[in-house]
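Q: generate coordinates for the sequence data below:
(chains A and B)
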Amino acid sequence: MSLSIRVIPCLDVDEGRVVKGVNFLDLRDAGDPVELAARYNAEGADELIFLDITASSSDRSTMYDVVSRTAESVFIPLTVGGGVRAVEDFNRLLRAGADKVSLNTAALNDPDLLSDAAERFGAQCVVLSIDARRCPEGVFTDSGFEVTTHGGRRSTGIDAVKWAIAGTKRGAGEILLNSMDADGTKEGYDLELIAMVRREVSVPIIASGGAGKLEDFVPAVVAGADAVLAASVFHFGQLRIDEVKKALADADYPVR
Amino acid sequence: MNAPSVVLLDYGSGNLRSAHRALERVGAEVSVTADFDLAMAADGLLVPGVGAYGACMKGIREVRGDMLVDRRLSGGRPVMGICVGLQVMFDQGVEHGIETEGLGQWPGVVEQLQAPILPHMGWNTVRVAHDSTLFEGVIGERFYFVHSYAVRSWDFVARDDNQNSPTVTWSHHGEDFVAAVENGPLVATQFHPEKSGDAGLHLLENWVKSLR
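A: Numbering: from 1, shown residues only, chains lettered A, B, ... in the order given. This next block holds a predicted model:
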């Protein structure tokens, strides 16, 4: 009897539409996040993450609509991230039907946001999303990994492992650990990064970035991930959620 | 026959939409309110709860939820607690060394789980009590938990001969803890049935059907 490893599809949403290629033949509208959420729910997703990548903040309200429409019919946990800048954004998303809210750049700019949100809503709904990469030439951190912003394009010089520690001390109840080196490569998760963060923090870790084939998931869990996230391999139907779960079960990890 | 009415107690706690929709899905007529009279009159009262114990108790007392639960239970009227809504039914919560008095319907203390990874977040199995009716049809299913604190022991002593012993269902994360309690009109789950997919809906349906 133990907690199962969570398999989580991530949907990038721009102005209320799923982007980054979704390719299911049997969807009426592959760009509708609500329809896709229902599809993943039916396939056995343990949780869903919506990442709002809308450039203009004036269109942010469409995300609340997406969340509330999804919560109408999909009864699994929903995490929403992207564009969250204030505690009030948390409140609106939770009231719309989100269970967890992830913070990325906003937490770097104002770490108090983590503690303020955790105090008001509980650490269990505060997810710290970290876009990490191996330090490029000229950047040095103790762990060898740094935090980036702007989708991995901008260096911060902040040690990614130290930031994970600091973030959880401030109240983050979960770490969404994105490897910007592995992201998009489909060559597997960055196991070293996962293991380093696992050694230092005691909150759950969602491994993200690099999943390309069935064999990629078990090593991430061995390295210390509590949950595995993927986007495009699910969207394009290259892998199905139940296949990933079977791969985990075959390695004796509990799955739902 | 009319649908059973359920009041979802709105005292400022987190995501109520999922519980609202889930209860509707399984056939309840749901109002999200803190109105005392409506909450007294409903066939069932659902007490949600996320976040800190102290904050939840404060919110519950501000809407006179303590009196509401007392009065309903003394009249045998069903009440269900979810997550921190289960925890507040016990005597006391201890978070970060701060002791908060609970509703005291059950004896026991809510404390931090002793486990390597906290919060306990995700889908876990439960050991369903043999005389459970709440879990009818969902034996062997996993449910979604998200919490760091729990009731880690149960030393319930029946207060008089007529009082039936509560039916306690356990789960395990680092150690055993109370996952659900069924005790006459008062039932509660540490997990979130409204977030536990079809299994959770089935469990909620069991409760809603029991309301009349």
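Q: quick one: contacts for residue 197?
A: Picking chain A for this. Residue A:197 makes contacts with A:160, A:161, A:164, A:175, A:177, A:205, A:224, as judged by CB atoms under 8 Å, 6 or more residues apart in numbering or on different chains. From N, CA and C alone the C-beta is placed, and that goes for glycine too.
Q: look at chain B instead
A: Each residue near residue B:197 by CB under 8 Å, 6+ apart is listed here: A:41, A:75, A:76, B:144.
Q: so which of the contacts of residue A:197 belong to strands?
A: The strands, defined by DSSP state E, take in A:175, A:177, A:205 from the contacts of residue A:197.
Q: list the buried residues of the longest helix along chain B.
A: Criterion DSSP state H: the longest helix present in chain B is helix B:197-209. Neighbour counts over helix B:197-209 (16 or more other CB atoms under 10 Å in any protein chain shown) mark B:197, B:199, B:200, B:201, B:202, B:203, B:204, B:205, B:206, B:207, B:208 as buried.
Q: which one of these is nearest residue B:168?
A: Distance to residue B:168 across these (CB to CB) is lowest for residue B:203, with 15.6 Å.
Q: the closest one contacts residue B:187, correct?
A: No - in this structure, residue B:203 is not within contact of residue B:187 by CB atoms under 8 Å, at 9.9 Å.
Q: tally of neighbours for the residue in the stretch 151-256 of chain A positioned nearest to chain B?
A: Here the stretch 151-256 of chain A gets closest to chain B at one residue, residue A:256, 4.5 Å apart by CB to the nearest CB. Residues lying near residue A:256 (other CB atoms under 10 Å in any protein chain shown) number 23.
Q: before we move on, what about residue A:187?
A: Residue neighbour count, defined by other CB under 10 Å, stands at 13 for residue A:187.
Q: can you show me the strands along the chain?
A: All of this is about chain A. A:6-14, A:17-18, A:48-52, A:78-81, A:100-103, A:126-134, A:145-149, A:154-159, A:174-179, A:205-208, A:227-230.
Q: my bad, chain B
A: With DSSP E as the criterion, chain B has strands spanning B:5-9, B:29-33, B:44-47, B:79-82, B:90-95, B:98-101, B:106-112, B:120-124, B:143-147, B:149-151, B:167-173, B:175-183, B:186-189.
Q: tell me which of those strands sits nearest to residue A:9.
A: Proximity to residue A:9 (CB to CB) singles out strand B:120-124 among the strands of chain B, at 15.5 Å.
Q: what about the closest one, average pLDDT?
A: Throughout strand B:120-124, pLDDT has a mean value of 98.
Q: got the angle between it and strand B:175-183?
A: Per axes from the mean of the first three to the mean of the last three CA atoms, to 10 degrees, the angle that strand B:120-124 makes with strand B:175-183 is 70 degrees.
Q: then strand B:120-124 to PDB, C-alphas only?
A: Output of strand B:120-124 as PDB, limited to C-alpha atoms (Å, rounded to 0.1, in the frame of the first residue of the first chain):
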ATOM      1  CA  HIS B 120       1.200  13.400   1.100                       C
ATOM      2  CA  MET B 121       0.100  14.300  -2.400                       C
ATOM      3  CA  GLY B 122      -1.400  11.900  -4.900                       C
ATOM      4  CA  TRP B 123      -3.500   8.700  -5.300                       C
ATOM      5  CA  ASN B 124      -3.200   6.200  -2.500                       C
END
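Q: may I have the strands that pair with it, each with its orientation?
A: strand B:143-147 (antiparallel) (DSSP bridges).
Q: which bits of chain A sit near chain B?
A: Those residues of chain A that sit near chain B, judged by CB under 8 Å from any CB of the partner chain, are A:1-4, A:6, A:41, A:46, A:68, A:71-73, A:75-77, A:94-99, A:119-125, A:173-174, A:202-204, A:226-227, A:256.
Q: so which residue is dead centre in chain B?
A: Closest to where the C-alpha atoms of chain B average out (CA atoms, centre = their mean) is residue B:81, at 2.2 Å.
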